[in-house]
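A.B. asks: Any chance you can model this:
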Amino acid sequence: MNKVTYDQDEGRRSHPDPVDVYVGKRLRTQRLHLRMSQEQLAQAVGVTFQQIQKYERGANRISASRLYDIASVMGVPINFFFDHIEDFIKDRPQGHGVAEPRPTFEAPSTVPTEQINLVTAYWKLPSDDIRKKALALLCSMSGLKEKKGEPVPDD
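C.D. replies: Alright, predicted model coming up:
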């Protein structure tokens, strides 16, 4: 893993940040999974295909609004791009003024393929209305019922 260093004259990073590289790799993986070209993705989000190339290499950072657009086009939630990032950036030096991370819930290190397929299929449904109905169906089949938008176990 390359250390983050700064160009002495201009204060720019001389290597991409590992977070940007990881997000770029996730972007490329999902784009290829969807069999989408860089040009198709670029056109859908309003940038050039060269910009998509830079995002995928981690050479350019993706703004929050652009990441939102990309996630929408690809049919994934924004957090998809950050899933399991902790393992990839564990040696990344902390920046100036960054607080120590708080302990977090320990998630499984791998997600079963069945869960990935379920989530992928859910986000590929054509509308919010159909997604809500599919979720309601799954909740009723599993013995969960919705209350204020969140499923809760039956008593």
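A.B. asks: Flag every buried residue along stretch 131-143.
C.D. replies: Neighbour-count burial for stretch 131-143 flags Leu135 (criterion: 16 or more other C-beta atoms under 10 Å). The C-beta positions use only the backbone N, C-alpha and C, and glycine is treated the same way.
A.B. asks: how about the CA coordinates for that stretch, as CSV?
C.D. replies: Output of stretch 131-143 as CSV, limited to C-alpha atoms (Å, rounded to 0.1, in the frame of the first residue of the first chain):
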residue,chain,number,x,y,z
ARG,A,131,-40.0,-2.4,-4.6
LYS,A,132,-42.4,-1.5,-1.7
LYS,A,133,-44.8,-4.3,-2.7
ALA,A,134,-42.0,-6.8,-3.0
LEU,A,135,-40.7,-5.8,0.4
ALA,A,136,-44.2,-6.1,1.9
LEU,A,137,-44.5,-9.6,0.3
LEU,A,138,-41.2,-10.8,1.7
CYS,A,139,-42.0,-9.4,5.2
SER,A,140,-45.4,-11.1,5.2
MET,A,141,-43.8,-14.4,4.1
SER,A,142,-41.1,-14.2,6.7
GLY,A,143,-43.5,-13.4,9.6
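A.B. asks: How far does it sit from its chain's centre?
C.D. replies: Here stretch 131-143 is found 25 Å from its chain centre; the criterion is C-alpha atoms, centre = their mean, to the nearest Å.
A.B. asks: Which pLDDT value belongs to Met141?
C.D. replies: Model confidence at Met141, given as pLDDT, is 85.
A.B. asks: To clarify, my last question referred to Asp83.
C.D. replies: 90.
A.B. asks: Surely it is in contact with Arg26?
C.D. replies: Yes: under the criterion of C-beta atoms under 8 Å, Asp83 makes contact with Arg26 at 7.3 Å.
A.B. asks: For these two, work out which one has more neighbours and name it.
C.D. replies: The neighbour comparison of Asp83 against Arg26 (other C-beta atoms under 10 Å) goes to Arg26, with 19 against 14.
A.B. asks: how close does the more buried one get to Gly58?
C.D. replies: 11 Å (C-beta to C-beta, to the nearest Å).
A.B. asks: now swap in Ser37 and tell me
C.D. replies: Distance, Ser37 to Gly58, using C-beta to C-beta: 20 Å.
A.B. asks: Give me the more crowded residue out of these two.
C.D. replies: Taking neighbours as other C-beta under 10 Å, Ser37 and Gly58 compare with Gly58 leading, 20 against 13.
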